[in-house]
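Colleague: 3D, please:
(2 chains)
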Amino acid sequence: MTIQLKKFGNTLISRQNGREAWLAFNYQLQNVKPDESIRVDFDGVDTFSPSWADEFLTPLFRFRSDGKRLKLKKSDNLSVGATVDTLEEVNKIKFKWEI
Amino acid sequence: MTKKLFKISEAAEFLGVSIDTLRRWDKNDLLKPIRASVGSYRYYKKEDLELFLNDIFVMAKKWVLVENPKELASEFYCVDSQTFQSRLNKLGQQLENINDLEKSFSLITSITGEIGNNSFDHNLGSWPDIQGILFAYDLNKRKIILADRGQGILKTLKKVRPTLATDSDALEVSFTEIISGRFPENRGNGLKYVRKVVSEINKLTPLTLYFQSGSAVLNLKYGDLALDISESDFLFHGCLALISF
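Modeller: As a prediction, the model looks like this:
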């Protein structure tokens, strides 16, 4: 499954919006097979921030086997890299980037 | 001969606002025109308009300081986080169109978002007087200003760390430690992220940040390893931030 984050907007800020996005997306996760990989695509996102991401990417990482089947698509948007770094530091987790 | 006075339509064009906005600013004493007599046409001095453009930070400072502030111009006032989000989207688009910000616009937008949302998140249901934030920017001067008349960092963090005694201590903690004033929620990354972006990441477009809460002021720039926190000569209950780029 690939999650196109742009479907939630171009400027992804605030915990409130991140939480709403996560709740809205949750029903789709119920259809993910136990061994299915999840890919996050940042294309089309102009601004990413830790508040939004901590409400969406962090629970996604913890969904089932702690990030083992989650991959982030490389992005040249600087706010994406800076935000993911911050989440890793704060939550003591490590995301996998797609090679 | 140099033209000395602007008609209201010319002043509106100069400032990039509507004529109605200028009339409202006149009514609210935000920008006063010159009138020959009550009810006569409004005229504006060019230097007053230039001063006004340069002084959005002064305007923000006045707004957080005065005891009974007048209504802010709607162009600068975000009553809720939805309004802020929509204006931030617009700022992001405008920044992206500035040549040298093609890469770093997203970082500037995201730290602006974190500072603004911090004000809303930590004052939800607890605004001491006026709900919402002031959010203004001048892309020619490359400045973004955010201000709130909320509880301020010290009061917010004291809920989870009662030993905090001063605004300076609270400011330091908020920019360095993972601590949330809304425990047990897992929050409190926003200002650490702002510090990281300003001091470590954004070397393409060096940023400076002035951030005041209570009487404590943080001045931060690219390359700063330690926090430079000092005492201000004025005090208010809330936060005032200036991002320069």
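Colleague: quick one: the helices in chain A, in order.
Modeller: With DSSP state H as the criterion, chain A has helices at A:15-29, A:50-62, A:78-91.
Colleague: could you identify which of these is most buried?
Modeller: helix A:50-62 (a mean of 23; mean count of other CB atoms under 10 Å in any protein chain shown). Where you see a C-beta, it was placed from the backbone N, CA and C, and this is true even at glycine.
Colleague: ok, residues contacting that one?
Modeller: With contact meaning CB atoms under 8 Å, 6 or more residues apart in numbering or on different chains, helix A:50-62 is reached by A:3, A:8, A:12-15, A:17-19, A:21-22, A:25, A:38, A:40, A:67, A:70, A:83-84, A:86-87, A:90-91, A:93, A:95, B:113-114, B:117, B:121, B:186-187, B:189-190, B:193.
Colleague: how about the residues of chain B that lie near chain A?
Modeller: B:81, B:85, B:88-89, B:92-93, B:96, B:103-107, B:109-110, B:113-114, B:117, B:120-121, B:178, B:186-187, B:189-190, B:192-193, B:196-197, B:201-202, B:204 (CB under 8 Å from any CB of the partner chain).
Colleague: as TSV, the helices of chain A with mean pLDDT would be great.
Modeller: What follows is these, written out as TSV (pLDDT from 0 to 100):
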stretch	mean pLDDT
helix A:15-29	93
helix A:50-62	95
helix A:78-91	94
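Colleague: hey, C-alpha coordinates of the lengthiest helix in chain B in PDB?
Modeller: Using DSSP H, we find that the single longest helix of chain B is helix B:105-123. Output in PDB follows, covering the C-alpha atoms of helix B:105-123 (Å, rounded to 0.1, in the frame of the first residue of the first chain):
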ATOM      1  CA  PHE B 105      10.800  27.900   1.900                       C
ATOM      2  CA  SER B 106       9.400  24.700   3.400                       C
ATOM      3  CA  LEU B 107      11.600  25.000   6.500                       C
ATOM      4  CA  ILE B 108      10.500  28.700   7.000                       C
ATOM      5  CA  THR B 109       6.900  27.700   6.600                       C
ATOM      6  CA  SER B 110       7.100  24.800   9.000                       C
ATOM      7  CA  ILE B 111       8.800  26.700  11.800                       C
ATOM      8  CA  THR B 112       6.200  29.400  11.400                       C
ATOM      9  CA  GLY B 113       3.600  26.800  11.700                       C
ATOM     10  CA  GLU B 114       5.100  25.200  14.800                       C
ATOM     11  CA  ILE B 115       5.300  28.600  16.600                       C
ATOM     12  CA  GLY B 116       1.800  29.600  15.600                       C
ATOM     13  CA  ASN B 117       0.300  26.300  16.500                       C
ATOM     14  CA  ASN B 118       2.100  26.200  19.800                       C
ATOM     15  CA  SER B 119       0.200  29.300  20.800                       C
ATOM     16  CA  PHE B 120      -3.200  27.700  19.900                       C
ATOM     17  CA  ASP B 121      -2.400  24.300  21.500                       C
ATOM     18  CA  HIS B 122      -1.200  25.600  24.800                       C
ATOM     19  CA  ASN B 123      -3.900  28.200  25.300                       C
END
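Colleague: between that helix and helix A:78-91, how big is the angle?
Modeller: When axes from the mean of the first three to the mean of the last three CA atoms, to 10 degrees is applied, the directions of helix B:105-123 and helix A:78-91 differ by 50 degrees.
Colleague: got the angle between helix B:105-123 and helix A:15-29?
Modeller: Orientation check (the same axes, to 10 degrees): helix B:105-123 against helix A:15-29 gives 100 degrees.
Colleague: show the average pLDDT along helix B:105-123.
Modeller: For helix B:105-123, mean pLDDT is 95.
Colleague: middle-most residue in the chain, spatially?
Modeller: In the absence of a named chain, this looks at chain A. residue A:57 (3.2 Å; CA atoms, centre = their mean).
Colleague: hmm, I had chain B in mind actually
Modeller: Closest-to-mean residue, chain B, CA atoms, centre = their mean: residue B:146 / 1.5 Å.
Colleague: I'd assumed that residue was in a helix, is it?
Modeller: No: Residue B:146: not assigned to a helix; according to DSSP: H, G, I helix; E, B strand; the rest coil it is strand.
Colleague: CA atoms of the helix-or-strand element of chain B with minimal mean pLDDT as CSV?
Modeller: Least confident helix or strand, chain B: helix B:46-54 with a mean of 80, by mean pLDDT, DSSP states H and E. Below are the C-alpha coordinates for helix B:46-54, written out as CSV (Å, rounded to 0.1, in the frame of the first residue of the first chain):
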residue,chain,number,x,y,z
LYS,B,46,4.5,58.5,2.1
GLU,B,47,6.9,58.3,5.1
ASP,B,48,4.0,57.2,7.3
LEU,B,49,3.2,54.4,5.0
GLU,B,50,6.8,53.3,4.8
LEU,B,51,7.1,53.5,8.6
PHE,B,52,4.0,51.4,8.9
LEU,B,53,5.4,48.7,6.6
ASN,B,54,8.6,48.7,8.5
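Colleague: check which residues of whichever helix or strand comes after it are buried.
Modeller: Once helix B:46-54 ends, the next helix or strand along the chain (criterion: DSSP states H and E) is helix B:56-65. Buried residues in helix B:56-65, counting neighbours by 16 or more other CB atoms under 10 Å in any protein chain shown, are found at B:56-57, B:59-61, B:63-64.
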